[in-house]
Every structure is written in structure tokens, then in C-alpha cells.
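# give me a 3D structure for the following:
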Amino acid sequence: MSTPEQPPSGPPLRAFAMVLIALAIAFAGIGAMALSGNDSESEQPGTTSSVARAAGNGAASVTSAKPPAAVTSARPPAAITPTTAAATTTITTTPVADKSAVPVRVLNNSTVSGLAAQTARTIEADGWTVGETGNYSDGSVSSTTVYYSATSPAEKAAATEIAATLGVSAEPRFPGITSASPGVIVIVTAP
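Numbers count the residues shown, from 1 in each chain. Purely as a prediction, here's the structure:
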């Protein structure tokens, strides 16, 4: 009676088999990551990835700090979504619920004829209602400014929005206009 031939075994064959199993597990893990949408660019520096599976009698484990450089995503280039986000700064102003609720006056403090009317058209194009245009001759204002009553949050919000539209500053009323009737006062100077 003859005994069936046994394939050669020993340390070299077992080591080779373990390497093959480890590679199979590593590639299976990389394939799973590619299919789940994780790209190598999304890994944080210093993190590690591990793949472990039971293989026959033993377990093989592969741990690496980075995936191999030759590994690429199986997705087409158009489907790749950037994983890094640029920092975004958003500046918001408190909008006035009803732009017609705050009276607006535009006063010319320059020698340019029609400057108050021209500025009023710009403000009205932004949705504000200008109730009065005229001249301010009780002093000299250094630059176009939108003034509001320090005691009125609605006027402050309106003045801030109008100033943003005109590209100028908004400030509390100065002593010469403190007692003027309620509303925002825009004093324009020569451009």
C-alpha cells in the first residue's frame, strides 16, 4: 500500500503562505476603503489603519501608517470629492425686517449739486424708502456717514445696512443732529 504524496511543507512554505494571506487581507481592506469612499488624502497624519481577518488556523494582521503609494481609487476622477475644506468666514449683518419701518433722510454736505438725490436713488434701489433729501449746512462733515440714534437698535441695524450698501461707515448721531426727528440720517460729502 502506498501512501499519497504529501506536498512539501516546512518553514519556507508556511512563511510564503502567510505573506500571501497578509497581502490578500491588505488588498481586501484597501478595496473596502475605496468602495466606502475613504481616500488616502482623508487620513490624518499620525493615524494608522489596520486590517485583521482570521485565516484558517491563525490570524493575519497588517498595520501601516499610510496606504501604499501605488494604490489609487477605483472611482473615476469625476466622482472624487475633495476631502479638505478651506476655512470660510461669513460676515452677516442683522437685517431689518421691514425696510420701510425706519425713516431715511439724505442730506448733501458738499458743493456737488444733486448729490443727495443721487445717493437717495442708490439707497432706494436697495429697497429703502427715502423720505427726504436736502442740504446739511449746519457744519462740515469730513466723509459720507450714516447716522443713527444710539437708543434705537432698529436705526442702528438700518444704518449698518445702508452704510454697507454705500461703502461708508455708520455712527451714532453727533450733538448737532441728536435731537433731529427719528430715523437714519445720511450726510453725503463730495466723492
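# longest helix in the chain, please.
The single longest helix within the chain, with elements called by DSSP state H, is helix 11-36.
# which strands or helices does that one pack on?
Contacts defined by 3 or more C-beta pairs under 8 Å, 6 or more residues apart in numbering; DSSP states H and E place helix 11-36 against strand 49-55, strand 58-64. To be clear about C-beta, it is placed using only N, CA and C from the backbone, and glycine gets the same treatment.
# pick out the shakiest of those strands, pLDDT-wise.
Comparing mean pLDDT across the helices and strands packed on helix 11-36, the lowest value falls on strand 49-55: a mean of 42.
# ok, Gly131 to Ala22 distance?
The span separating Gly131 from Ala22 equals 81 Å under the rule C-beta to C-beta, to the nearest Å.
# quick check: Trp128 touching Ala163?
No. Assessed by C-beta atoms under 8 Å, Trp128 is found out of contact with Ala163, at 11.8 Å.
# what residues does Ser137 make contact with?
Going by C-beta atoms under 8 Å, 6 or more residues apart in numbering, Ser137 touches Asn109.
# for the record, mean pLDDT for the strand or helix carrying Ala164?
If you go by DSSP states H and E, Ala164 is part of helix 153-166. Averaged over helix 153-166, pLDDT sits at 95.
# describe which strands whatever helix or strand comes next after that helix pairs with in its sheet and in which direction.
Using DSSP H and E, the helix or strand that follows helix 153-166 towards the C-terminus is strand 169-172. Using DSSP bridges, the strands paired with strand 169-172 are strand 145-148 (parallel).
# so, low pLDDT: which residues of the chain?
Applying pLDDT under 70 to the chain picks out residues 1-12, 33-34, 36-97.
# same thing but 90
For the chain, applying pLDDT under 90 flags the ranges 1-101, 179, 190-191.
# for Val106, helix, strand, or coil?
Recorded secondary structure, Val106: strand (DSSP: H, G, I helix; E, B strand; the rest coil).
# got the buried residues for stretch 174-181?
Ile177 (16 or more other C-beta atoms under 10 Å).
# start to end distance for that stretch?
Distance between the boundary residues of stretch 174-181 (C-alpha to C-alpha, to the nearest Å) amounts to 14 Å.
# what does that stretch contact?
Pro103, Asp138, Gly139, Tyr147, Ser149, Arg173, Ile185.
# go again with 10 Å.
The contact list for stretch 174-181 (C-beta atoms under 10 Å, 6 or more residues apart in numbering) reads 103, 105, 107, 131-132, 136, 138-139, 141, 145, 147, 149-150, 172-173, 185, 187.
# would you show me how to pick out the buried ones of those in ChimeraX?
To isolate in ChimeraX the members of those that are buried, counting by 16+ other C-beta under 10 Å, one can use:
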select :103,105,107,136,141,145,147,149,173,185,187
